[in-house]
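Visitor: The following block contains a protein sequence and its predicted model.
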Amino acid sequence: MKKQLLKVLLVMMISVLVSCQSESTDNSYKTENPNLRRVLVKEVIQSPDYTYVKFKEANDVYWAAVGRNDNIKKGGTYYFDQWMEMNDFKSKALDRTFKTIYFIDHLSDKPFPSPEKVKVEKTGSAHVNKSLVENVGPAKGGITLATLLADTKKYNGKTVIVRGQVVKYTPDVLKMNWLHIQDGTQANGKFDLAITTHDTCKVGDILTFKGKIILNKDFGYGYSYDVLMEDAKLIDRK
């Protein structure tokens, strides 16, 4: 009887070990995106702008933040491939400081291909060579992004007016709101301008900003820009 019981226990232990090993070494979800990370959600906290999530990844447990998403559920498995790590981040909405937190652009409940693969499939090239938006036209007294990006040194330290459509918006990081605009024009293969501002907006808005152009700005925490409009003022919402 003892031998039979020991045999059963041994089989169970081997099964558990094989299962754990199989789980830890199963990287098939990385087939089309080697940068994918697979995580299990342990806790979810909602705020007006962000969804804060406690992840378990293998033996690591850490916090992350993604744009407000009510579909993220505790106990769910999710995937992401791009992140920015920040230390001692203070969330005003939660009145809480995270010693370390990941800011994630895209969190999916299914594995997804790398951006480079998508670009190749859509354009036949690893580089997108045109703006993602239609031409919106310059603001009165302003310049197009093509004009700015064609000769950035000319505008370094100068205040200009630009108009474009918001293609990315990240609020309340380093005490500023961060966004990217495009206006349908391009120069030197570039068509996107990063802007910091205290004003709020949403992706898809067509806005006019006035601000100073700064070159080679590095804020740390992964925030480094060749061209940036800093502390811009929103002067028109159409």
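Guide: That came through fine. Residues are numbered from 1 along each chain as shown.

Visitor: Centre of the chain to stretch 65-74, how far?
Guide: Distance of stretch 65-74 from the chain centroid (C-alpha atoms, centre = their mean, to the nearest Å) equals 14 Å.

Visitor: What's the end-to-end length of that stretch?
Guide: When the termini of stretch 65-74 are compared using C-alpha to C-alpha, to the nearest Å, they are 14 Å apart.

Visitor: domain ranges for this structure?
Guide: 34-126, 130-236 (automatic domain parsing).

Visitor: So which of those domains has the densest surroundings on average?
Guide: Highest mean neighbour count of the domains of the chain: domain 130-236, a mean of 17 (counted as mean count of other C-beta atoms under 10 Å). Heads up, the C-betas are built off the backbone N, CA and C, glycines and all.

Visitor: Mean confidence (pLDDT) on that one, please.
Guide: Mean pLDDT, computed over domain 130-236, is 90.

Visitor: Strands of this structure, residue ranges please.
Guide: Along the chain, the stretches classed as strands by DSSP state E are 37-46, 50-57, 60-67, 77-80, 83-91, 96-104, 159-173, 176-182, 193-197, 206-220, 223-236.

Visitor: Need the nearest residue in space to Ala64, chain neighbours excluded.
Guide: Closest residue in space to Ala64, ignoring its immediate chain neighbours: Tyr102 at 4.1 Å, by C-beta to C-beta, 6 or more residues apart in numbering.

Visitor: Could you give the bridge partners of Gly164?
Guide: Beta-bridge pairing for Gly164 (DSSP bridges): Leu207.

Visitor: quick one, what contacts it?
Guide: Val133, Val136, Leu145, Ile181, Gln182, Asp183, Leu193, Ile206, Leu207 (C-beta atoms under 8 Å, 6 or more residues apart in numbering).

Visitor: Now the second one: closest residue in space that isn't a chain neighbour?
Guide: The shortest distance from Val136 to any residue that is not its chain neighbour, by C-beta to C-beta, 6+ apart, is 5.0 Å, and that residue is Asp183.

Visitor: Touching, that neighbour and Val166? I think so.
Guide: No. Counting by C-beta atoms under 8 Å, Val166 is not a contact partner of Asp183; they are 11.0 Å apart.

Visitor: Chain neighbours aside, what residue packs nearest to the residue nearest to the spatial centre of the chain?
Guide: Taking C-alpha atoms, centre = their mean as the criterion, Asp105 is the residue nearest the geometric centre of the chain, at 2.3 Å. Ranked by C-beta to C-beta, 6+ apart and with sequence neighbours excluded, the top spatial neighbour of Asp105 is Gln82, at 4.8 Å.

Visitor: What of Ala150?
Guide: Spatial nearest neighbour of Ala150, excluding adjacent residues (C-beta to C-beta, 6+ apart): Ala187 at 3.8 Å.

Visitor: How about Asn35?
Guide: Using C-beta to C-beta, 6+ apart, the nearest residue to Asn35 is Asp81, at 4.2 Å.

Visitor: contacting residues around the one you found?
Guide: Asp81 is in contact with Asn33, Asn35, Leu36, Arg37, His106, Phe112, Ser114, counting by C-beta under 8 Å, 6+ apart.

Visitor: mind checking how far it is from His106?
Guide: According to C-beta to C-beta, to the nearest Å, Asp81 stands 8 Å off from His106.

Visitor: Over to Gln165?
Guide: 19 Å.

Visitor: give me the beta-bridge partners of the closest residue to Thr170 other than its chain neighbours?
Guide: Ranked by C-beta to C-beta, 6+ apart and with sequence neighbours excluded, the top spatial neighbour of Thr170 is Trp178, at 4.4 Å. Beta-bridge pairing of Trp178 under DSSP bridges involves Thr170, Thr196.
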